[in-house]
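Colleague: Dropping the sequence and predicted coords here.
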Protein chains: 2
Amino acid sequence: MISKNQLKLLRALGQKKQRKALGLFLVQGEKNVLELVGSGLSVKQVFATEAFLAENQHALSGYECVEASLDELTKASTLVSNNAAIAVVNVPSFTLPNADGLMIALDGVSDPGNLGTIIRLADWYGVEHIIASHDCADPYNPKTISATMGSFARVKVHQTDLPAYLARSTLPIYGAFLEGESVHRTQFSAAGIVLMGSESHGIRAEAAQCVTDKITIPAFGGAESLNVAMATGIILDNIRRQHS
Amino acid sequence: MISKNQLKLLRALGQKKQRKALGLFLVQGEKNVLELVGSGLSVKQVFATEAFLAENQHALSGYECVEASLDELTKASTLVSNNAAIAVVNVPSFTLPNADGLMIALDGVSDPGNLGTIIRLADWYGVEHIIASHDCADPYNPKTISATMGSFARVKVHQTDLPAYLARSTLPIYGAFLEGESVHRTQFSAAGIVLMGSESHGIRAEAAQCVTDKITIPAFGGAESLNVAMATGIILDNIRRQHS
């Protein structure tokens, strides 16, 4: 059973302020919770149905588990579905990488669904680090975690002063602009930073001045733009076809 | 002002059954409504704010326009934001194409957001026709239209008996599977059908037996899959780099 205080904590972690203050975040859904096992993330508690706990007894043996009904879990969850398991996890602290192969940088990407999708893409294309400006979506927002489809456990998102980080970097910085060299013709380096801006503002001036190579995804029809996560995926695919 | 009967109609068009019965659908938001102009789609009525009507007087001159307050429009809308304009549009009827360059086929892609994103992608990559199985999302669902970001006006979605359509086709049919030839190494034809399945069921047996070439997006990290719209975008990019 979920106690009153535990329910209060779960509810609180839906808010960014509380996540920051407590250094904790929520991982919800069976698949996402199982991704925690072996991930190196430190799990405080797992709340789950009897069936889920029985089925994953071995995997969850190191964790403090609390059995709860699906009804209780649904009430505690910030999601509309997929509530057989909820974990409370410590926000990890990472060291900001200097130059680590292929990396992604995000300038003002504020939608948690887009950030989560980009984390999933990073994981697909073997990118370990995402450098995000302070005004990007919170990587520990439940909507972000949910959109990663489990990839949150393998990709590190660093929120930092992005223009300062880019200015210090010695890697080529590939900035996605509507004008720029076609990614079908660009010769990419194996190590580099793919810099993406928000759909509404693009890459802002402070970050843009660090770009070494302006790139673009060629259009063949009438659409004006692509979603930022979509564009990130297509660019990563173009880089990995040269450097696998 | 929006009359009681007009409000009833706008509300009704949120439902698939009513769209089918009336042969009408909704286009919401300033950008989407303006995409109607010159699209060839037959517009029944435009409900919009005084400011929007004044600003776009010339473009909207052929349409029956009803001025309404933002408050009224927000009440009538099925969307949470972006309600300065709502158009009621006749569902067009298209002739099913035989072989028309590069095409997309969708088997059971039931999420309207994914379908809308794929319509936007088709427009970006110059694909005019999408052939969709009967159990795909409704192309005239307000969520689909909204996700197209205006591309609904340039791309034709045909709902039909997909396996029968594929069986009749003489084009190469590129089916996206988790196993298959890497899209980085596939030699694509200029004309062909890219067949995508749903995230939960993949391409089902009936459609799969028509596939002439199994293709796959190579993975370089730990993620198990990509979203169906994302995968469609990456595949189209790989084809267009060979045939622009």
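Modeller: All right, it came through fine.

Colleague: Can you name the residues of chain A sitting close to chain B?
Modeller: Residues of chain A found near chain B (C-beta under 8 Å from any C-beta of the partner chain) are A:117, A:120-127, A:149-151, A:154, A:184, A:217-227, A:229-230, A:233-234, A:237-238, A:240-241, A:244. For the C-beta atoms, the positions are set from N, CA and C on the backbone; glycine is no exception.

Colleague: Among those residues, which are located in strands?
Modeller: With DSSP state E as the criterion, strands contain none of the residues of chain A next to chain B.

Colleague: filter the residues you listed to the buried ones?
Modeller: Using 16 or more other C-beta atoms under 10 Å in any protein chain shown as the burial test, those include A:117, A:120-127, A:149-151, A:154, A:217, A:219-221, A:223, A:225-227, A:229-230, A:233-234, A:237-238, A:240-241 as buried.

Colleague: mind listing the helices in chain A by residue range?
Modeller: In chain A, the segments counted as helices under DSSP state H are A:4-12, A:16-22, A:30-36, A:50-55, A:70-76, A:112-124, A:142-147, A:162-168, A:205-208, A:228-240.

Colleague: Got the domain ranges for chain A?
Modeller: Here chain A is described, according to automatic domain parsing, as comprising the domains A:4-90, A:102-240.

Colleague: how about these in JSON lines, adding distance to residue B:42 and mean pLDDT?
Modeller: Below are the domains of chain A laid out as JSON lines (distance: least, C-beta to C-beta, whole Å; pLDDT from 0 to 100):
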{"stretch": "domain A:4-90", "distance to residue B:42": "37", "mean pLDDT": "93"}
{"stretch": "domain A:102-240", "distance to residue B:42": "20", "mean pLDDT": "96"}
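
Colleague: Quick check: which of these is buried the most?
Modeller: For the domains of chain A, the largest average neighbour count (mean count of other C-beta atoms under 10 Å in any protein chain shown) is found in domain A:102-240, namely a mean of 20.

Colleague: Measure how far it is from the centre of its chain, please.
Modeller: 11 Å (C-alpha atoms, centre = their mean, to the nearest Å).

Colleague: Start and end of it, how far apart?
Modeller: 9 Å (C-alpha to C-alpha, to the nearest Å).

Colleague: Ok, stretch A:10-24 next?
Modeller: OK, stretch A:10-24 end separation, C-alpha to C-alpha: 10 Å.

Colleague: Which residues does it contact?
Modeller: With contact meaning C-beta atoms under 8 Å, 6 or more residues apart in numbering or on different chains, stretch A:10-24 is reached by A:2, A:9, A:25-26, A:44, A:47, A:76-78, A:86, A:88-91, A:138, A:140-142.

Colleague: State the distance from the spatially closest residue to residue A:116 that is not a sequence neighbour to residue A:90.
Modeller: Distances taken as C-beta to C-beta, 6 or more residues apart in numbering or on different chains put residue A:147 closest to residue A:116, at 2.5 Å, once the chain neighbours are dropped. Distance of residue A:147 to residue A:90, given as C-beta to C-beta, to the nearest Å: 21 Å.

Colleague: can you check residue A:216 too?
Modeller: The gap separating residue A:216 from residue A:90 is 40 Å, by C-beta to C-beta.

Colleague: Mind putting the domains of chain A into TSV with distance to residue B:36?
Modeller: Shown next, in TSV, are the domains of chain A (distance: least, C-beta to C-beta, whole Å):
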stretch	distance to residue B:36
domain A:4-90	33
domain A:102-240	14
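
Colleague: Filter the contacts of stretch A:10-24 down to just the ones in strands.
Modeller: A:25, A:26, A:44, A:47, A:86, A:88, A:89, A:90.

Colleague: The second one contacts residue A:90, doesn't it?
Modeller: No: counting by C-beta atoms under 8 Å, residue A:26 sits too far from residue A:90 to count as a contact (11.7 Å).

Colleague: Direction included, what does the longest strand along chain A pair against?
Modeller: Identified as the longest strand of chain A according to DSSP E is strand A:173-182. Using DSSP bridges, the strands paired with strand A:173-182 are strand A:192-197 (parallel), strand A:213-216 (parallel).

Colleague: Export those as CSV, with columns for distance to residue A:34.
Modeller: Formatted as CSV, the strands paired with strand A:173-182 follow (distance: least, C-beta to C-beta, whole Å):
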stretch, distance to residue A:34
strand A:192-197, 30
strand A:213-216, 37
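
Colleague: closest to residue A:99 out of the ones you listed?
Modeller: Residue A:99 lies closest to strand A:192-197 among the strands paired with strand A:173-182, at 8.8 Å (C-beta to C-beta).

Colleague: What are the contacting residues of that closest one?
Modeller: Outside strand A:192-197, the residues within contact range by C-beta under 8 Å, 6+ apart are A:102-109, A:118, A:131, A:166, A:169, A:171-176, A:203-204, A:207, A:210-211, A:228, A:231-232, A:235-236, A:239.

Colleague: what's the closest non-adjacent residue to the residue sitting nearest the centre point of chain A?
Modeller: Among the residues of chain A, residue A:119 comes closest to the average C-alpha position under C-alpha atoms, centre = their mean, at 3.8 Å. Nearest non-adjacent residue to residue A:119, counting by C-beta to C-beta, 6+ apart: residue A:148, 4.4 Å away.

Colleague: Isn't the one you found up against residue A:120?
Modeller: Yes: the pair residue A:148 / residue A:120 is scored as a contact, 5.1 Å apart, by C-beta under 8 Å.

Colleague: Tell me who's in contact with residue A:190.
Modeller: Contacts for residue A:190 (C-beta under 8 Å, 6+ apart) come out as A:101, A:102, A:242, A:243.

Colleague: Contact partners for the third one?
Modeller: Pointing back at residue A:242 there. For residue A:242, the contacting residues are A:187, A:188, A:190, by C-beta under 8 Å, 6+ apart.

Colleague: out of those residues, who's nearest residue A:67?
Modeller: Nearest to residue A:67, judged by C-beta to C-beta, of the contacts of residue A:242 is residue A:190 at 48.7 Å.

Colleague: Disregarding flanking residues, what is the spatial nearest neighbour of residue A:74?
Modeller: residue A:83 (4.7 Å).

Colleague: Make sure that neighbour is actually in contact with residue A:28.
Modeller: Yes: at 6.7 Å, residue A:83 and residue A:28 qualify as touching, with contact defined as C-beta under 8 Å.

Colleague: intersection of neighbour lists for those two?
Modeller: Common neighbours of residue A:83 and residue A:28 (C-beta under 8 Å, 6+ apart) are residue A:77.

Colleague: ok, back up a step: which two from the ones in strands among the contacts of stretch A:10-24 end up farthest apart in space?
Modeller: Across the ones in strands among the contacts of stretch A:10-24 (C-beta to C-beta), the longest gap, 15.7 Å, separates A:47 and A:90.
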